[in-house]
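Trainee: Give me the fold of what follows.
(2 chains)
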Amino acid sequence: MAEMTEEKLAEFLEPLKEILSRYEKKERYLIPVLQEAQEEYGYLPEEVMKEIALGLNLSLSQVYGVVTFYSQFHQQPRGNNIVRVCMGTACHVRGGEGILNAIKDELGIEAGETTDDLEFTLESVACIGACGLAPVIMVNDDTHGRLTPEKVPEIMAKYK
Amino acid sequence: MSKVKITIDEQTVEVDEDSSLLEAAKEIGVDIPILCYHPDLSLHGACRVCVVEDEKSGKLLASCASPVRDGMKINTRSMKARKARRRNVELLLANHPNDCLGCDRNNHCELQDLTYELGIKSEDVEKFAGEKRELELDTAGPALKRDPNKCILCGRCVRICEEVQGVSALQFTERGFNSIVTTAFDLPQADINCVNCGQCATVCPVAAITELSEIDKVWAALEDDDKHVLVQTAPSIQATLGEEFGMETGTVVRGKMVAALRKLGFDQIFSTDFAADLTILEEGSEFLKKLNGEGELPHITSCCPGWVKGAEHNFPDLLKHLSSAKSPMQMFSALSKTYYPDQTGVDPEKIYTVAVMPCTAKKFEKDREEINGSDFKDTDAVLTTREFARMIKEMGIDFTSLPDEDFDELMGESTGAGTIFGTTGGVAEAAVRTVKEKLTGESLERLNLGFRGINEAEVRIGDRLVKVGIANGFANAQKLMEKVRSGESDLDFIEVMACPHGCVGGGGQPRPATDEKKEKRGQGLAAIDDTSKIRKSHENPQIIKLYDEFLGEPLGGESHHLLHTKYKARPKN
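Mentor: Below you'll find the predicted structure:
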């Protein structure tokens, strides 16, 4: 994140301060605070982690350790649309890899990355429990099954 | 506490019911190999090197984390247990760099020792060879070097930094194969709340965290005919250096230490204990002024650079209570480039001042931008006790058979008071000894404050009851400072040492270090004090001469310029 003026930073952290004000200054509230903060900001920028450390009387390393441990926490901005490509056994057998590659080409990013316009985040995930539809992907809460690489551009276009 | 009876390797033993199998085994002299376990830290139970076999169930138990149960039959030597230990270490070695020969910890490595003791051979390790990581090293200093590739994730550093020091600069981050012990955002140690105490380096079983070595710089200075190399040794070194040469913990080796320094080629060999006496006169005078209403109480000591940086991060509002007196090391170094040339005629530009310290934070302190009192860099190099021992070994000196020699004149004389600076409670004791005698003419009975992490005592000085407190270990210091901040504490004088047990437990001291060893080292220093001819700082004849011929009065103009410093607030994280 680019450097902010002190005034801008205070304004940026205003919602976080409200979140912190509802919790006791204790280590055990770290995860709920991180979750709420991520809900608010979409991800966990450095400035937010610093404020949380101060707010819960923890060291920054302690906060960073927890954020990097859980896959639910993100240190980079996330796209408006989250594309999850299933790499489970059934999808693997039925060409999941090809679907992933087609999406990579379509969006111009690798798995785990977000497009520059913040429209899409691409993730490869283990089984999403829809093996009957293999190969399958999810975009946000929508499921798209029985895919071929050719169908990918059309699906992505719906979310642009 | 009630007792339970268990059998270990066919010996029956009765132990407290809250003992672990490891502790029970130790009581009957059965040594179980350990790696992540450390007696002074919480249990981690991660390495599984201490597994033993429960004969009844045939199960393997991590002895460090398994409580004893009545009637248990334990076999620590069964093939099953030995094989499991071996396998666990083989797996650790599978992605551990294989560069033992050039490693900082070669011959002083717990993992290397285990590999040998468990009978592991190269081919055993090769069969597990897998992916290795190439992570960046943190060599930015100023005090410590981190090599995450060597880290075996035992978590001792994480635990000591959190539990004993209350800093938590290091943490487990990421997950699974990507797990790494590092700082927030992988920042260099120089950019975070690390106080450079080096406790992490004293418990690290491998070379993942070591001091940033200055040995080569010192060799170069010693070889340079144009340089006049002075050395000072901190009070605690004389009670710890012997351990590096197999001597019993706490053995006082002052004379051999001086002889070794002379053999290494130093031009003049002086004692930081001398400067500790000087610190007492400056700081004692400061405290006297505060007692008389000039300045705010409590008066808090500032000779520990780990504590000072920690205070700057965490207690910026209390910095005004810190003594402005420099640490003995920096006082000595300032004089080494002013007073020493004044008395000897040596060109100060040619003087190179080396400090042998028990401490990694001293490496940071010497580089603080506001620290220099002379027109030069006051301290040129800081060596830890371990680095000093390595130089002695490199020179091929048979340390244990060296004859005793004496420090050089001018800045080599010290008192018992200066010597006990190296252990917790020592600075408070030395200061109060001088203050009481100066004010009342009466001598001080022993305070003996140093046996606990936080301790207090009352001393009657004339018609006033002075309350003296100490804290050692930075977590303890923080607890005490919170009380000062809230007004709950009514102490007048507080000594803080960031390392547990004070400098004898410093981050630059011989490994392995435990509370038990640190206490013995402290007793070594106390024994020097008990038998010293001069036990009060203000009676040190070389200090009297220094004030008469050079400095004038404590807190006077020249003293203020050379021997006092200032502090600055730093961000909490």
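
Trainee: May I have the phi/psi pair for the spatially closest residue to A:I128 that is not a sequence neighbour?
Mentor: In space, A:I128 comes closest to A:C86 once its chain neighbours are excluded; the distance is 4.8 Å by Cβ to Cβ, 6 or more residues apart in numbering or on different chains. Where you see a C-beta, it was placed from the backbone N, CA and C, and this is true even at glycine. A:C86 adopts backbone torsions of phi -80, psi 130, taken as degrees, to the nearest 10.

Trainee: Repeat that for B:V466.
Mentor: phi -100, psi 130.

Trainee: and if you look at the one 5 residues further on?
Mentor: B:A471 has phi and psi values of phi -140, psi 140 when expressed as degrees, to the nearest 10.

Trainee: Distance check, the residue nearest to A:I128 against chain B.
Mentor: As judged by Cβ to the nearest Cβ, to the nearest Å, A:C86 and chain B stand 21 Å apart.

Trainee: Give the buried residues for whichever strand or helix holds A:V85.
Mentor: Assignment of secondary structure by DSSP states H and E places A:V85 within strand A:81-86. Of all the residues in strand A:81-86, those buried under the rule 16 or more other Cβ atoms under 10 Å in any protein chain shown are A:N81, A:V83, A:R84, A:V85, A:C86.

Trainee: residues contacting the closest residue to the first one other than its chain neighbours?
Mentor: Spelled out, it's A:N81. The spatially closest residue to A:N81, leaving aside those adjacent along the chain, is A:Y159, at 4.6 Å (Cβ to Cβ, 6+ apart). Residues near A:Y159 by Cβ atoms under 8 Å, 6 or more residues apart in numbering or on different chains: A:N80, A:N81, A:E119, A:F120, A:V139, A:N140.

Trainee: Kindly give a single ChimeraX line that selects the buried subset of these.
Mentor: To isolate the buried members of the contacts of A:Y159 in ChimeraX, using 16+ other Cβ under 10 Å:
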select /A:81,120,139
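
Trainee: care to break chain A down by domain?
Mentor: Following the TED database, chain A resolves into domains at A:6-69, A:81-157.

Trainee: can you redo the ones you listed as CSV with distance to B:R521 and mean pLDDT?
Mentor: CSV is the format used below for the domains of chain A (distance: least, Cβ to Cβ, whole Å; pLDDT from 0 to 100):
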stretch, distance to B:R521, mean pLDDT
domain A:6-69, 30, 96
domain A:81-157, 51, 94
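
Trainee: and the residue nearest to A:I128, what does it touch?
Mentor: For A:C86, the contacting residues are A:G96, A:V125, A:A126, A:C127, A:I128, A:A130, A:A134, A:P135, A:V136, A:I137, A:M138, by Cβ under 8 Å, 6+ apart.

Trainee: For the last one, grab the count of nearby residues.
Mentor: If I follow you right, that is A:M138. Neighbour count of A:M138, defined by other Cβ atoms under 10 Å in any protein chain shown: 18.

Trainee: Tell me the secondary structure at it.
Mentor: Assigned by DSSP: H, G, I helix; E, B strand; the rest coil, the conformation of A:M138 is strand.

Trainee: So what pairs up with it in the strands?
Mentor: A:R84, A:T143 (DSSP bridges).

Trainee: Verify the stated contact: it with A:N81.
Mentor: No. Between A:M138 and A:N81 there is no contact under Cβ atoms under 8 Å: 10.3 Å.

Trainee: Give me the most central residue, the chain.
Mentor: Just going to use chain A. A:R78 (5.0 Å; Cα atoms, centre = their mean).

Trainee: Chain B was what I was after
Mentor: Short answer for chain B (Cα atoms, centre = their mean): B:G506, at 0.4 Å.

Trainee: The residue lying closest to B:N95 once chain neighbours are set aside: what's it in contact with?
Mentor: Take B:N95 and drop its neighbours on the chain: the residue closest to it by Cβ to Cβ, 6+ apart is B:K132, 4.9 Å away. Counting by Cβ under 8 Å, 6+ apart, B:K132 touches B:N95, B:P97, B:N149.

Trainee: Highest neighbour count among those?
Mentor: Busiest of these [other Cβ under 10 Å] is B:N149, holding 18 neighbours.

Trainee: show me the contacts for that residue.
Mentor: B:P97, B:K132, B:R133, B:E134, B:L135, B:L137.

Trainee: Which member of these is positioned nearest chain A?
Mentor: If you rank these by distance to chain A using Cβ to the nearest Cβ, B:L135 comes first, at 14.0 Å.

Trainee: pretty sure that closest one is touching B:S179, no?
Mentor: No. Using Cβ under 8 Å, B:L135 is not in contact with B:S179; the gap is 11.2 Å.

Trainee: how about the helices in chain A?
Mentor: With DSSP state H as the criterion, chain A has helices at A:6-21, A:30-41, A:46-55, A:60-69, A:89-93, A:96-107, A:152-159.

Trainee: Identify each buried residue in the last one, please.
Mentor: Translated: helix A:152-159. A:V152, A:I155, A:M156.

Trainee: That helix vs helix A:96-107, what angle?
Mentor: Between helix A:152-159 and helix A:96-107, the angle comes out at 50 degrees (axes from the mean of the first three to the mean of the last three Cα atoms, to 10 degrees).

Trainee: My guess is B:V218 contacts B:V382. True?
Mentor: No. B:V218 is not in contact with B:V382 according to Cβ under 8 Å; the separation is 9.5 Å.
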